[in-house]
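*Asks:* Could you work out the structure for the sequence below:
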Amino acid sequence: MKSFTSLLAWLLMAAVLAVPSFLFYNWWSNSKKQVSAEISQGPGTAPVFQSEGGAPAAQPAEKAPAAQPAAQPAPETAAPAQRPPSAAATALSTAPVQPPAVQPEPAPEAQSAAQPEAAAQQGVEGSTVPKSISHYAPQSERDPTFSPDDYKRLRDEAMRRAEAERMVQNAERYKPREPGPETRVVLQGIVGSAAIINGDMYTAGQTVRGVKIVKVGADYIICDYKGKKFRKVLK
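*Replies:* Purely as a prediction, here's the structure:
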């Protein structure tokens, strides 16, 4: 019984292993045929579509590559001919370079004497520089913003002011003098110790128009005006 069971087990195992082995062998044979077919056809690609009868379809002709424009040769630049160095240049290049001679510094006295001369020269140069000149030369002092009527009005006002000032000066210069005390008192008669002056009776000690009567005589009177005495006689 055990041998039969083991036999079935081995058969089952062989069947299980035979199926993948068969599949692997089928795949390997197909791939080998495909590789051999590709090698026999050469580098060209296999046709995708085949005509009836198994003959391969005609492949379209490959397009010819576009003609490339002819490359233009680059213009050759002529190299300038090198001139042989001249004899002078050769002599200069071969001559030793000498350092510049050191100039002696001027003495302090010479420097102090040269400073006033330089200042005088600068002053002369500054005086010779032309100054800016204005070419504006008005013919008259008339203000262009004023019209002739404005000038006439201003002239009339100036004349009126001058006339008023002249009148004031003349009035102050020829100011009328105040009447004297003699003209203020008019003696018209004498009655006893009273005198008739300007139509009224006055006695000694009274005042008439700022004039004080000091004394009444027989035919005269003596008056005083601001400390000045005078005599009026009856006519």
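*Asks:* Once you drop chain neighbours, what's closest to residue 228?
*Replies:* Of all residues beyond its chain neighbours, the one nearest residue 228 is residue 181 (7.3 Å), with distances taken as Cβ to Cβ, 6 or more residues apart in numbering. To be clear about C-beta, it is placed using only N, CA and C from the backbone, and glycine gets the same treatment.
*Asks:* While we're on that neighbour, how confident is the model there?
*Replies:* The score at residue 181 is 79. That number is its pLDDT.
*Asks:* now do residue 158
*Replies:* The predicted local confidence for residue 158 is 95.
*Asks:* you'd agree residue 182 is in a strand?
*Replies:* No: secondary structure of residue 182, determined by DSSP: H, G, I helix; E, B strand; the rest coil: helix, with no strand assignment.
*Asks:* Could you pull out the strands in the protein for me?
*Replies:* Taking DSSP state E as the criterion, the chain carries its strands at 187-191, 194-197, 200-203, 207-208, 211-216, 220-225, 228-233.
*Asks:* on that earlier part again, give me the number of residues near the residue nearest to residue 228?
*Replies:* 20 (other Cβ atoms under 10 Å).
*Asks:* Would you check how far apart it and residue 207 are?
*Replies:* Using Cβ to Cβ, to the nearest Å, one gets 11 Å for the distance from residue 181 to residue 207.
*Asks:* Equivalent analysis for residue 4, please.
*Replies:* Here the distance between residue 4 and residue 207 works out to 198 Å (Cβ to Cβ).
*Asks:* which of the strands of the chain sits most buried?
*Replies:* Of those, the one with the most neighbours on average (mean count of other Cβ atoms under 10 Å) is strand 194-197, at a mean of 20.
*Asks:* and that strand, what does it pack onto?
*Replies:* strand 187-191, strand 200-203, strand 211-216 (3 or more Cβ pairs under 8 Å, 6 or more residues apart in numbering; DSSP states H and E).
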